[in-house]
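Engineer: Following is a predicted model, sequence given first.
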Amino acid sequence: MGSERNAIGKHSNEDRKKRVKRLKKTIIIVATVFLLVPLICCIALFMKISGMEKRLDSIEEWNRQTITVGELGEDNLVVHAAPKETANAGASDNKIKETSAPKKDSEVDQTKIKGKKVYLTFDDGPSKNTEKILEILDQYKVKATFFVIGKTDEFSKQMYKQIYENGHTLAMHSYTHQYNTIYKTLGAYKKDIKQLSDLLYEVTGEKPKYLRFPGGSSNTVSKINMEDVIRYVDAEGLAYFDWNVINGDATGKKLTEKQMVNNVISGVESYDNAMVLMHDCAGKEMTVKTLPSVLKKLKKMKVNILPINDTTVPVQHIHVEDVRK
């Protein structure tokens, strides 16, 4: 009897030990889950916040850059209206139609293109740098978008025409690029953008449909509400484009070639719809110098390098849908 009791007691002890072990394992598993789930959520939240901060930093940095450039009052940015006789000088509509080449890329439905899309855009031209950039783009068989300002000298008119006839997108930035003038009143903005639209129409025979606001749609220097400007532009049937990638040519910092190229490539890697902001005005020789390296790397990445057209998904700091009435 004693041996039986001992055997039963021993068996009970073993059962208790097993139950205790199972309970410990359960507690450890539950505790681990409770620890891991918040940790995973925190990591995911941190990554999301980091991505949002990167985008905000890019927007804020370019707001500072464009404002700084405008306030400096560079000669290439401050362009005054020429007399009407000068502005009207140029080829007739018939000659324009004879020399204008069809722009096949402007008719491509980009929504059906698979893969990463990259838009190379150049602001504040034309200048001698525009001519060099056009040569490089032609060499690499790439189409881009030029947001131009108003100039009525014969060289600038030839650049407008060459941009258009080479199949690039000729778009508007502003006529004067003078913040205090164009953003003084809504009427002042209307007058400025109409003057540029009329000039480009006289040179190419086609009304421009796309624009980029000086300083972007979220600029903080405008004396008028940018939402009112956006509503006007939208009502006129115009589409505006901001940016989400920069090469850094207007930061006021002396960047190396490697830094400028890396700015573009790292930015493109972050977006499936990358709108790259660069400048082709006078003084931006580094942009010209680095462009071949940028194009080589983009080609190697096998991305789609496209000009802006009617099917381009716009990058906008202030979305037009948010301000439509």
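Structural biologist: Sure, I can see it.
Engineer: So which bits of stretch 189-196 are buried?
Structural biologist: Of the residues in stretch 189-196, Y189, D192, I193, L196 count as buried by neighbour count, 16 or more other Cβ atoms under 10 Å. Where C-beta positions appear, they are placed from N, C-alpha and C, glycine not excepted.
Engineer: Pull it out as PDB, backbone CA atoms only.
Structural biologist: Only the C-alpha atoms of stretch 189-196 are listed here, as PDB (Å, rounded to 0.1, in the frame of the first residue of the first chain):
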ATOM      1  CA  TYR A 189      -1.600  86.900 -61.400                       C
ATOM      2  CA  LYS A 190      -4.100  86.600 -64.200                       C
ATOM      3  CA  LYS A 191      -2.400  89.400 -66.200                       C
ATOM      4  CA  ASP A 192       1.000  87.800 -65.800                       C
ATOM      5  CA  ILE A 193       0.100  84.300 -66.800                       C
ATOM      6  CA  LYS A 194      -2.000  85.500 -69.700                       C
ATOM      7  CA  GLN A 195       0.900  87.600 -71.000                       C
ATOM      8  CA  LEU A 196       3.100  84.400 -71.000                       C
END
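Engineer: Check the offset of that stretch from the chain's centre.
Structural biologist: 23 Å (Cα atoms, centre = their mean, to the nearest Å).
Engineer: what do you get for stretch 18-38?
Structural biologist: Stretch 18-38 sits 50 Å away from the centroid of its parent chain (Cα atoms, centre = their mean).
Engineer: For the remainder of this discussion, apply numbering that starts at 553.
Structural biologist: Let's use 553 as the start, then, which means that last one is stretch 570-590.
Engineer: So which of the buried residues of stretch 741-748 is the closest to K713?
Structural biologist: Set against K713, the nearest of the buried residues of stretch 741-748 by Cβ to Cβ is L748 (15.1 Å).
Engineer: Inside helices: which ones of the buried residues of stretch 741-748?
Structural biologist: Y741, D744, I745, L748 (DSSP state H).
Engineer: can these go into JSON lines with extra columns for pLDDT and distance to L850?
Structural biologist: Below are those laid out as JSON lines (pLDDT from 0 to 100; distance: Cβ to Cβ, whole Å):
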{"residue": "Y741", "pLDDT": "98", "distance to L850": "34"}
{"residue": "D744", "pLDDT": "98", "distance to L850": "34"}
{"residue": "I745", "pLDDT": "98", "distance to L850": "31"}
{"residue": "L748", "pLDDT": "98", "distance to L850": "30"}
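Engineer: give me every residue that touches Q662.
Structural biologist: Q662 makes contact with K669, N856, L858, N861, T863, T864, V865 under the criterion Cβ atoms under 8 Å, 6 or more residues apart in numbering.
Engineer: cool, and K854?
Structural biologist: Counting by Cβ under 8 Å, 6+ apart, K854 touches G667.
Engineer: so it, which of the three states?
Structural biologist: Under DSSP: H, G, I helix; E, B strand; the rest coil, K854 falls in the coil class.
Engineer: Would you mind measuring from it to V670?
Structural biologist: 11 Å (Cβ to Cβ, to the nearest Å).
Engineer: Out of the contacts of Q662, which is nearest to T839?
Structural biologist: When those are compared against T839 (criterion: Cβ to Cβ), the nearest one is L858, at 19.2 Å.
Engineer: Hmm, the closest one is touching G667, no?
Structural biologist: No: using Cβ atoms under 8 Å, L858 is not in contact with G667; the gap is 10.8 Å.
Engineer: Looking at these two, which one has more neighbours?
Structural biologist: For L858 versus G667, the count of surrounding residues by other Cβ atoms under 10 Å is larger for L858: 21 against 10.
Engineer: Give me the neighbour count for N771.
Structural biologist: By other Cβ under 10 Å, 21 other residues sit near N771.
Engineer: ok, now how distant is the most centrally placed residue in the chain from V820?
Structural biologist: Nearest residue to the geometric centre of the chain (Cα atoms, centre = their mean): W795, 2.0 Å. Remark: distance between W795 and V820 (Cβ to Cβ) = 12 Å.
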